[in-house]
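Asks: Give me a 3D structure for the following:
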Amino acid sequence: MTAWTPPVRTLRDVLVDGERRLARAEVPSPRVDAELLLAHVLGVPRGRMFLSDPIDPADAMRFEALLVRRAARVPLQHLVGAAAFRHLTLEVGRGVFVPRPETEGVVELAIRALETDSEERLAVDLCTGSGAIALSLATEVPHSVVHAVEIEEAAHGWAEKNVAAYAAALSAVGSQVVLHRGDATTAHLGSLAALVGRVDVVVTNPPYIPDDAVPRDPEVAQYDPPRALYGGHDGLDVVRGIAVSAAALLRPGGVLVIEHSDAQGEDGGESGVPQVLREHGSWLDVVDHPDLAGRARTTTAVRA
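Replies: Below is the predicted model of the structure:
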């Protein structure tokens, strides 16, 4: 009698099982997340996995460990150590806000405003976090200088890592990213005082969640740093401060680009970012812009 041997498990077997378990845990994109975790374990691009191949037992154990943590709603980006954003791959982890696809549209508006005929293309990214916006601007708009401000020590550290990782790409297009540790609402009085009245574009994805609101996704509520999320009783305290700081930094005709929630656009009335800017008195052409889903998510304004 021959000894029984267990059937060989293939990549498809563990992937199907992983997707099923993540779906039970209510992970929003179980198939994609399972594929990305498995690709990370194997060290290959997601599209280069041959699902009929057998999986090495050691790889299966590593995948299982990651799957358990993802089912517990640890962010995918924390598990693989990186977040994709536009053409960038950014290092992220504890202490830094994970950049979201919605912010890519914010960057697009900022790029259009920064692509001027000026020899010096000067931008400021307030609340830079991982450096996603600043690095996107600097690498996609040649010969630009982007000053990026972040108050949190941990987040500033992640931004330093990412700027260093893209040093060669920045040099290739003649751009710079200059990091500053400080408060976005008073940057014009401190580290950016020399830039007052000179900046072409100020762009920001600030904290804008009201203090008494609880984000639906555990990945946000439990893992994104609170200081990157909450903005006072109506969520707009930091936005009000940035309206002052940006007005001081921008040259006349310079552009401010602010991300906000879908409840803080024109329909938000007094609790909307457009109204906050109009009340400030330094802004013209205040316009709200929808995202790809048609939700108001970004406001632009021109320095008077």
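
Asks: List the contacts of residue 116.
Replies: Counting by CB atoms under 8 Å, 6 or more residues apart in numbering, residue 116 makes contact with residue 200. For every residue, glycine as well, the C-beta is placed using N, CA and C.

Asks: Report the contact partners of the residue nearest the centre of the chain.
Replies: Centroid-nearest residue in the chain, with CA atoms, centre = their mean: residue 99, separated by 1.9 Å. By CB under 8 Å, 6+ apart, the contact list for residue 99 reads 83, 85, 90, 92, 129, 130, 132, 133.

Asks: would you list every one of the strands in the stretch 101-250 of the chain?
Replies: Under the criterion DSSP state E, counting those that start in this stretch, the stretch 101-250 of the chain contains strands at 121-126, 144-150, 176-181, 199-204, 250-259.

Asks: Residue 226: which of the ones you listed is closest?
Replies: Nearest of these to residue 226, taken as CB to CB: strand 144-150 at 14.9 Å.

Asks: partners of that closest one in the sheet?
Replies: For strand 144-150, the paired strands and their directions (DSSP bridges) read strand 121-126 (parallel), strand 176-181 (parallel).

Asks: if we can go back for a sec, do you know how far the residue nearest to the centre of the chain is from residue 247?
Replies: 26 Å (CB to CB, to the nearest Å).

Asks: got it, and residue 166?
Replies: From residue 166 to residue 247 the distance is 30 Å (CB to CB).

Asks: Show me what residue 121 bridges to in the sheet.
Replies: Here residue 121, judged by DSSP bridges, has bridge partners residue 144.

Asks: So it sits against residue 200, correct?
Replies: Yes: counting by CB atoms under 8 Å, residue 200 is a contact partner of residue 121 at 6.1 Å.

Asks: And those two? Which one has more around it.
Replies: residue 200 (25 against 21; other CB atoms under 10 Å).

Asks: you'd agree that one is up against residue 255?
Replies: Yes: under the criterion of CB under 8 Å, residue 200 makes contact with residue 255 at 7.2 Å.

Asks: Common neighbours of those two, please.
Replies: residue 113.

Asks: before we move on, the earlier item: can you lay out the strands of the stretch 101-250 of the chain as TSV showing distance to residue 32?
Replies: Formatted as TSV, the strands of the stretch 101-250 of the chain follow (distance: least, CB to CB, whole Å):
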stretch	distance to residue 32
strand 121-126	28
strand 144-150	29
strand 176-181	30
strand 199-204	28
strand 250-259	24
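
Asks: nearest to residue 60, of those?
Replies: So among the strands of the stretch 101-250 of the chain, strand 144-150 is nearest, using CB to CB, at 39.3 Å.

Asks: What are the contacting residues of the closest one?
Replies: For strand 144-150, with CB under 8 Å, 6+ apart as the criterion, the contacting residues are 114, 120-129, 131, 133-135, 137-138, 156, 159, 163, 175-184, 187, 191-192, 195.

Asks: and what of stretch 77-88?
Replies: 36-37, 40, 66, 69-70, 89-94, 98-99, 103-104, 107, 130, 132, 135-136, 139-140, 162, 166, 223.

Asks: Buried among those residues? Make that a PyMOL selection.
Replies: Of these, the buried ones go into a single PyMOL selection, burial set by 16 or more other CB atoms under 10 Å:
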select buried, resi 36+37+40+66+70+90+91+92+93+98+99+103+104+107+130+132+135+136+139+140+162+166+223
